[in-house]
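# pasted the sequence and its predicted model underneath.
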Amino acid sequence: MKKLAILYFEGKATDEEELRLLEFIKESARNKAAFAEWEEEWTHSHTPDPRTEAAWEELKEKMRRKREEQDTTEG
């Protein structure tokens, strides 16, 4: 799953892979913590160019909107 997270951080994950990763994160607090750790490791080891940084911010916003959408439909 860590390899999939790295693809996600790099903006290379497919929509299907992204959904698998989101499901993994939602499964447990432990998975969510692991994802946060991987993100921190990746952030500290990776110096993106401005285009990559913009894509990353766009992906994070997309993920936030999907979570909000799921929360709205579940609640």
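Happy to help now that I have it.
# who's in contact with residue 2?
Taking C-beta atoms under 8 Å, 6 or more residues apart in numbering, we find residue 2 in contact with 34, 38. Using the backbone N, CA and C atoms, a C-beta is placed for each residue, glycine as well.
# and residue 13, how far is that from residue 33?
According to C-beta to C-beta, to the nearest Å, residue 13 and residue 33 sit 20 Å apart.
# how about residue 10?
Using C-beta to C-beta, residue 10 is found at 21 Å from residue 33.
# between those two, which is the more surrounded one?
Taking neighbours as other C-beta atoms under 10 Å, residue 10 and residue 33 compare with residue 10 leading, 15 against 11.
# and the closest residue in space to the more buried one that isn't next to it in sequence, how many residues sit next to it?
Excluding the flanking residues, the one nearest residue 10 by C-beta to C-beta, 6 or more residues apart in numbering is residue 52, at 7.5 Å. Around residue 52 there are 14 other residues, counting by other C-beta under 10 Å.
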